[in-house]
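Model the following, please.
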Amino acid sequence: MAYPFERTLRSLNGYESSTRVVLVVLGALGLGGLVAWGVGARVPVMKVSSQGRVEPHNAVYRLEPPGAGRVIRSLLNLDEDVKKGDLLIEFDTRSERLELEQSKATAEALEQEFSVVRDQIANKKAELAASGLVDEVAIREAVEKEEEIAPRHRLAEQRVQLAQKSPTGSISELEKLERVTDVDALKHASRSQSLAIVRIRREQAVRRETATAQLLGLKREELRLEGQRRELKVGIDRLEYQIEKKHYRAPASGRLVDVVELGAGAFIAEGQRLGTILATDAEVRVRARFPKEMVGMIQAGQTAQLRLDGYPWTIYGTVPAKVTRVGTEPGIAATPEAIPGTIRVELDIETPADPRIQLRHGLTATVEIEVARVSPVALLMRAIGEWHAEEPVPEERQRGFQVEAEAR
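Just a heads-up that it's a prediction; the model follows:
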């Protein structure tokens, strides 16, 4: 019985040795394959942001009235189609309308006064024209009288000369004296007529200057009234613009995707957001925010995957996308669209594999962008480096850094 038992033991020992060899060979092959995979394989490096949002490109219009006021009527209804220019909110315009009526009444009275002044100017111009004609006739009449005296004066001088040359006794002395007197009288009449012409011309010049001054005064009044009329027109236009601004209208055609409940009497501050209009048939995109440290790593043309919060990726899968634009200036102030310390990245969405997914404005998503492909070994070394970089600084070194900063 001992002999068969020894053979059995030897058989078992031979089986164990061959099993070891197989296991060693398999382990060596697995280790070699793992090393080859760690060195030669390429693993994608993904940068993830949970701050992704689907929205149209330049097709979202915020409803922000430019002025404050009290609401009289609101026509904001969620998920309702509106056209550009449709009335959305009507504000109280009572004071502006009263002021507008007052300005229009003043403008009407001013227009009547302006019409009267223009008529006066026209009358004064006609008076000047008629006065010029009258003065011209008066001058001609005075000249004609002067020319009428001239031949009589020459005739009287010739009669005096004939009387002086006549024989003694043919003409009495009284007649000679009368002839001499006639010459003197005609001479003085000629001088008087010349002075009358001068006086008439000077009087005409004075009248023309007076009428011209009156005409200039009327024109000055016309210019003053014209200035007041233009000022009133500007004031009326301003009031009409303010009244029209109190009738807030849709800036574009589209659908109301967000509205604020407003009742009659509600007060709206200047620039307060009251809703959002989404333009119809707008092409959607994805806007995401990444930390500012991603500048240079994320570039246009890189592929990405979207995990839509409204469509769980475990059921609907992911949606492919591509980076189109990358911002490089991080936000400073917090706004509804920007977070301080992050940059903006825009992506174009490709057709989803699942037809049940409907890409609509407002969908939130987690964005995964492939920024590089590296080997697993390089990825492991990078992770180790990041782990070392995140090690806490000893308290003694922190105090040393603080003292050095205060010294600077």
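
just the strands in the stretch 101-250 of the chain please.
Remark: strands assigned in the stretch 101-250 of the chain by DSSP state E, counting those that start in this stretch are 247-249.

domain assignment for the protein?
The chain breaks down by automatic domain parsing into domains covering 41-57+283-401, 61-92+246-268, 95-245.

give me phi/psi at the residue positioned nearest the centre of the chain?
The chain has residue 66 as the residue nearest its centroid, 12.2 Å off, counting by Cα atoms, centre = their mean. Backbone torsions for residue 66, taken as degrees, to the nearest 10, come to phi -70, psi -10.

Spatially, which residue comes closest to it, not counting chain neighbours?
In space, and not counting its chain neighbours, residue 66 is closest to residue 245: 6.3 Å by Cβ to Cβ, 6 or more residues apart in numbering. The way it works is simple: take the backbone N, C-alpha and C, and place the C-beta from them, glycine included.

In the chain, where's the longest strand?
strand 43-56 (DSSP state E).

that older thread, of all the domains of the chain, which one comes closest to residue 35?
Closest approach to residue 35 among the domains of the chain is made by domain 41-57+283-401 (8.8 Å; Cβ to Cβ).

quick one, what contacts the residue nearest to residue 66?
65, 66, 67 (Cβ atoms under 8 Å, 6 or more residues apart in numbering).

Then residue 85?
Shown in contact with residue 85 (Cβ under 8 Å, 6+ apart): 249, 250.

Equivalent analysis for residue 84, please.
Contacts here follow Cβ under 8 Å, 6+ apart; on that basis residue 84 touches 249, 250, 251, 252, 253.

likewise residue 233?
Going by Cβ under 8 Å, 6+ apart, residue 233 touches residue 107.

Which residue ranges of the stretch 301-408 of the chain form strands?
303-308, 319-326, 342-349, 364-374.

Give me the buried positions along the second one.
Across strand 319-326, burial judged by 16 or more other Cβ atoms under 10 Å covers 319, 320, 321, 323, 326.

Closest to residue 118 out of the residues you listed?
Nearest to residue 118 out of these is residue 326 (Cβ to Cβ; 67.3 Å).

just to revisit the earlier point, dump the domains of the chain to TSV, plus mean pLDDT.
Shown next, in TSV, are the domains of the chain (pLDDT from 0 to 100):
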stretch	mean pLDDT
domain 41-57+283-401	79
domain 61-92+246-268	86
domain 95-245	81
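
Dump these to CSV, plus distance to residue 274.
Formatted as CSV, the domains of the chain follow (distance: least, Cβ to Cβ, whole Å):
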stretch, distance to residue 274
domain 41-57+283-401, 14
domain 61-92+246-268, 5
domain 95-245, 14
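
For residue 277, find the nearest of those domains.
With Cβ to Cβ as the measure, domain 61-92+246-268 is the member of the domains of the chain nearest residue 277 (4.3 Å).

buried set for stretch 71-81?
Using 16+ other Cβ under 10 Å as the test for burial, stretch 71-81 gives 71, 72, 74, 75, 76.

OK, contacts around the fourth one?
Contact criterion Cβ under 8 Å, 6+ apart gives 86, 87, 88, 89 as the residues in contact with residue 75.

of those, buried ones?
Buried by 16+ other Cβ under 10 Å: 88, 89, out of the contacts of residue 75.

wait, which of the contacts of residue 75 is closest to residue 121?
Set against residue 121, the nearest of these by Cβ to Cβ is residue 87 (46.6 Å).

For that closest one, give me its contacts.
By Cβ under 8 Å, 6+ apart, the contact list for residue 87 reads 75, 247, 248, 249.

From the residues you listed, keep the buried residues only.
75, 248.

Same list as before, the contacts of residue 87 that is, but in CSV and with distance to residue 140 included.
Output for those, formatted as CSV (distance: Cβ to Cβ, whole Å):
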residue, distance to residue 140
75, 81
247, 71
248, 75
249, 73
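
Let's see stretch 260-273 as PDB, backbone CA atoms only.
Taking C-alpha atoms only, stretch 260-273 is exported to PDB below (Å, rounded to 0.1, in the frame of the first residue of the first chain):
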ATOM      1  CA  VAL A 260     -43.100  88.600 -13.100                       C
ATOM      2  CA  GLU A 261     -46.500  88.700 -11.600                       C
ATOM      3  CA  LEU A 262     -47.700  92.300 -11.600                       C
ATOM      4  CA  GLY A 263     -50.900  93.700 -10.300                       C
ATOM      5  CA  ALA A 264     -52.500  97.100 -10.800                       C
ATOM      6  CA  GLY A 265     -50.700  99.700  -8.600                       C
ATOM      7  CA  ALA A 266     -47.400  97.800  -8.400                       C
ATOM      8  CA  PHE A 267     -44.300 100.100  -8.500                       C
ATOM      9  CA  ILE A 268     -41.500  99.200 -10.900                       C
ATOM     10  CA  ALA A 269     -37.900 100.400 -10.400                       C
ATOM     11  CA  GLU A 270     -35.800 101.600 -13.300                       C
ATOM     12  CA  GLY A 271     -34.100  98.700 -15.000                       C
ATOM     13  CA  GLN A 272     -36.000  96.000 -13.000                       C
ATOM     14  CA  ARG A 273     -36.200  92.700 -14.900                       C
END
